[in-house]
Structures are given as C-alpha cells and as structure tokens.
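> Next comes the sequence, and after it the predicted model I'd like to discuss.
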Amino acid sequence: MLKGLVRWFSPPIFEDEEKTRLAGILNYLLLIVIFLLALLLLSRTIASTVNLNTLVTLGTLIIILISSWLMLKRGNVNSISVAVILFGWFAVFNLARGEGIRDTGIIAYFIVILIASVLLGWKASILVTIASVASVWYFAYLEGSGLFIPVYSSASENAIDITFILIISAALLFILDNGLRNAAKRAQANERRMEISNKELQILQVNLEQRVHERTLDLESSSTQIQKRASQLEAIADVASSVASLQEMDKLLPHITRTVSERFGYYHIGIFLLSENKQYAVLRASNSGGGQAMLARDHQLRVGQEGIVGSAVDLKTARIALDVGNDATYFDNPDLPNTHSEMALPLMIGNEVIGVLDVQSEETNAFSGEDIEGLSTLANQVAVAIENARLFQQSQDTLQELDTTFQRYLKNEWSRFGNLSDIIGYRARTTGLEAINEPLQMDGKTINNDSVYKLPVKLRNIVIGYLNVDLDKPVAQYTEDELEIIQATVDRFALALDNARLLEDTTRRAGRERLVSEITTKIRSTNDPQVMIQTALDELKEALGASKIELTTEIPNPGKIEDIEES
C-alpha cells in the first residue's frame, strides 16, 4: 500500500524530458502548497481568527490546486502551469484586500513571479511582475484616496501568514535547487556520456578508417586479380578461337606461345610434344630468344629424368618450382638464365599425355592459385587445339591420299573407257549427235590437242576430254560472264559424262554378273562332271563369241596332252 501511495503522489513521466521536469516541479509544488494552505486554514479556524474572505479564498484555492494536481496526471502541464499562476496571483490579490498594501500577503507576489519564471519562462514572469506592481500601486492609491479602509490583523495572524509565505518560498527554492542540482547532474552525466561517445566515435572512426583502408587494399587487390583473371580468360578465349582459325601445327603452336606470354606476362613460354616413342619431350614452339635457340638445336628432355617438364609427363600432373634454385628436379638451362620460377602443365587428351606447356618467370613465387587454375584451363585448351590440329593434318593427309587414288582411278577408268570403242568423240549438229572417228576439220584446219578452240573437260583436275567450240568471234571479245557460263556448262558436262560412264559401267557389270549367274545355274543343273565341263565350255564359247574353246591340263610327263574324256 505504501508503494501505491508513493506511486500516486509521484510526478508523471512523459517522453519529453522538459515536460517531465516541469511536471515534477508542479507536482511537488502543488502538494506542498495544498498541504500548507490546508494547515493555514486549519490553524486559523482553530484560533477563530479566520474571516469570511480568507476562508473563501483559501478554500477555493485549495480546491483549485487539488483539481490542478489531478489534471497534471493526465499531462496538461502547460495549462496547469497557467492556471496555478493565475489563481495564485488572484489569491494574493484577494488576500491583500484585507489590509491593503500593508498586508503581509503582498510579499507572496514574489512567489508567484518565481513560479511563473520557472514554469512559463521569463516572458510570463515579466507579465506577472507588471501585474503585481500594478496591484500594489492600486492598493496604495485606494488607501491614499480614502476609498479603502484596511482592517489590520493581529500580530499572531501576521506571523502565521509570514511563516506560511517563508515556508512556501523555502519549499520552492528547495524544489528549484533540487531541480538545478539534478539538471547539473544530468548535464555532467550527459557530458560523461558525450565524452564516452566521442571516444567511441573516435575509436569507430579509427576502425572505420582502418577498415576503409583495408577494404580499399582488398578492392585494389581484387581489381588487380579481376584484371589478371580477365586477361587469362582472354588468353583462353584467344586460344579457343585459334583452334578454328589456325589448323596448321607450325602456325598454331607459335601463336599460342606468343598469346600466353602477352596475356599472362611470363617471359618464356614453351610447348613440348612427345616423340613417337614417348621417350622424349621435344620442344616445338617458344616465344623467347632462348627458346628460339633451343628450337634451333632440337632441344628435347627425357621423360621422367630431365627437368620438371619430364617429371610432369611422367607423373601426368602439374609440376611447379616457385624457386628453381631450391628444386632438385629443375633443369638448369643456359639459354634461360633469368628463370626463377617454372611451371610445367601436362597437355592431356583423356588419360594420355601428348605434351607439356612450360611456363617460366623471372620472379620467385610467381604463380598464385588463380594463375595455376587459369593456366591449367589454358593447358586443356592448348591440348585440344593441338589434338585438333593433329587430327586435321591427318585428315588432310588421308584426304590427299584419297584424292590421289581417286584421280588415278578416274584416269584409268576413262583411259579404259576410251579404249573400249573406236569413237574418239561426238559432234553436235542440228540433226543430233554424230560420232567422231577421226580428227575434225574446221575451215581447213585440223583440230588437235593444240587447238585454241577447245576447252578441257575436267573431273577432279583430271582431263577426260575436250569440248571443241566453233566460236563466232575471238575469245578475247567475249565478256567474263559469257566465259564463266561456258566454263560452268563444261563443268556440268563433265559430271554428266562421268555419270553416264558410271551408268554404262554399272550396266556392263550387271550384265556380266547376270551372265556368270546364268552359266553357274546351268552348270549346277547336273551332277555329271563331264556334262558340267562341257556346259561350261559351251557357255563360255557363246558368251565370248569364240570359234573354239579347249580345256587342257599339264601332267608330270611333258608333251602328253589328254583330252577331256580321258582326264
């Protein structure tokens, strides 16, 4: 219950700190004044010295102050402050009507002025001061003009009034002093908090600057890595594009070494390919001067025994020497004296090693994890490019062999085709085609292989004949389009001739197969060997148009020939 009473009489608390401060002053001031006024009214009543004016004034003021205190709980701080000042001022004014300017209550104006200054500020205190001074001169004027006759109180009444005023003044001063002390404490606490906050802010600033500096370094490092990675990706893309644009090994490999050196910034790039017996890694391309000298003397390393290149082939994995001086497998090459770091990446197709990409730098610890990852990807691209170039070369060689074989076949077939008949050509007339058995005559001139009027008929660069054209005017007078039309016609004519030859050859082969099949059928129609042989001879004689066919056999006794019946 005691805690409930304490909470009931405690001042209200608001979000606004200034409003809470004023509410605290009003709360304690109202409670003290209500208590003192009630005590004053009670003491005068007991002493039977209270008059009606004092009773009404004090009673009304107590009721107003209690109502104001209750309204203060609801947050009406400004309105309560104005009401307290107004009613307090009018209470003093009403009390002064008893004795006038000599009334001891006149000095209570000072309390009202002080309260106005604390609650409403200096402007309100000036207004209250002016009103108080005016009321003092008002009472002086009334008394001096005889319009007001003061009724003096006894000494005890004056003592009570002065005591009341002094107590209220002391209480108000205590409240103000306590408020000032609390404000000073809050200010000191705020100052300490500000100092702590400033120190924390300074620490945060230092940490922030450090973090910004670290982040800037990280960004710069990331930017450098991104640029380097972009350059690596460009190199990988360039190598990938080289697969399509460069399919000759002698051009592809030097291009790869130059591209990798320019994009990655390494001073020596070499590409080794395995020899046919897989015992040596042979240098096939390089971008550096030392590499060119090595190429000139056919530089090669034994697999598994010489340098990290041979080790990379043998182990089928990347070999890295961040400091070649401390790597026992490093091959000290006099053509590359500036090498301090070396990395050998096997060129793999499936599980088979076809070569090595050799990367050398003039710096120690030159290869980071990103470099190794990028160069490994690049090595895969290089391996694919080399394998594609190798397959392309093989296909070109095979195609060349096939083309040579086909040309020889065409030449033989057309030579054989030409020997099958005495016809050496055909001539187109308005009445149709005419076979040619001997060289033609045009304007008294024999057309032979040296004639300027003939166009070669070619199949795969093999001349199978000539198209002789009797032109109306010299060739030089024909336009390029007309000559292209003639050439296109000749090309299609060559294809048509070859198709006709193939059709005739196919027909001939089909007839031969049919004849063989018929002869075989007739031979198999009997089981008598004598009849089978006679049937075979008769059919061959008829098919070949021969006048006589004999079957003979050689026996150990020379010069003795038996006929069919005896054998």
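Good, I have the coordinates. Residues are numbered from 1 along each chain as shown.

> make it CA atoms for all contacts and neighbour counts henceforth
Noted.

> Around L551, count how many other residues there are.
Per other C-alpha atoms under 10 Å, the neighbour tally for L551 reads 10.

> For the stretch 301-450 of the chain, just list every one of the helices.
307-315, 369-419 (DSSP state H, counting those that start in this stretch).

> Look at Y280 and report its pLDDT.
On the pLDDT scale, Y280 is placed at 90.

> what's the closest non-adjacent residue to it?
The spatially closest residue to Y280, leaving aside those adjacent along the chain, is R302, at 4.5 Å (C-alpha to C-alpha, 6 or more residues apart in numbering).

> who wins for proximity to G59 among the helices of the stretch 301-450 of the chain?
helix 369-419 (93.4 Å; C-alpha to C-alpha).

> Would you mind measuring from L166 to V56?
The gap separating L166 from V56 is 22 Å, by C-alpha to C-alpha, to the nearest Å.

> ditto for G374
G374 sits 102 Å away from V56, taking C-alpha to C-alpha as the criterion.

> Which of the two has more residues huddled nearby?
Of the pair G374 and V56, G374 is the one with more neighbours under other C-alpha under 10 Å, namely 19 against 13.

> Could you tell me how many residues sit around R501?
15.

> what's the answer for A159, then?
Using other C-alpha under 10 Å: A159 sits among 13 other residues.

> again, but for V353
V353 is flanked by 20 other residues according to other C-alpha under 10 Å.

> Help me confirm that A321 comes into contact with D358.
No: the pair A321 and D358 fails to qualify as a contact (C-alpha atoms under 8 Å) at a distance of 11.4 Å.

> what's the overlap in contacts for these two?
The contact sets of A321 and D358 overlap at 342-343 (C-alpha atoms under 8 Å, 6 or more residues apart in numbering).

> just for the stretch 1-150 of the chain, where's the confidence low?
1-2, 4-5, 44, 47-51, 53-54, 98, 148, 150 (pLDDT under 70).

> for it, what spans make up the helices?
Counting by DSSP H, counting those that start in this stretch, the helices of the stretch 1-150 of the chain are 2-9, 17-47, 52-72, 77-95, 108-120, 122-145.

> what comes up buried for the longest one?
When burial is assessed from 16 or more other C-alpha atoms under 10 Å, helix 17-47 yields the following buried residues: 19-30, 32-34, 36-37, 40-41, 44.

> just stretch 338-351 next, same as before
Result for stretch 338-351 [16+ other C-alpha under 10 Å]: buried residues 339-348.

> Take these and keep only those in strands.
Among the buried residues of stretch 338-351, DSSP state E puts 341-348 in strands.

> Next, format the residues you listed as JSON lines and append distance to N277 and pLDDT.
Output for these, formatted as JSON lines (distance: C-alpha to C-alpha, whole Å; pLDDT from 0 to 100):
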{"residue": "S341", "distance to N277": "30", "pLDDT": "88"}
{"residue": "E342", "distance to N277": "26", "pLDDT": "88"}
{"residue": "M343", "distance to N277": "24", "pLDDT": "89"}
{"residue": "A344", "distance to N277": "21", "pLDDT": "90"}
{"residue": "L345", "distance to N277": "20", "pLDDT": "90"}
{"residue": "P346", "distance to N277": "17", "pLDDT": "92"}
{"residue": "L347", "distance to N277": "17", "pLDDT": "90"}
{"residue": "M348", "distance to N277": "17", "pLDDT": "89"}
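
> Out of these, the closest to G121 would be?
Using C-alpha to C-alpha, these come closest to G121 at S341, 83.4 Å.

> All set, thanks.
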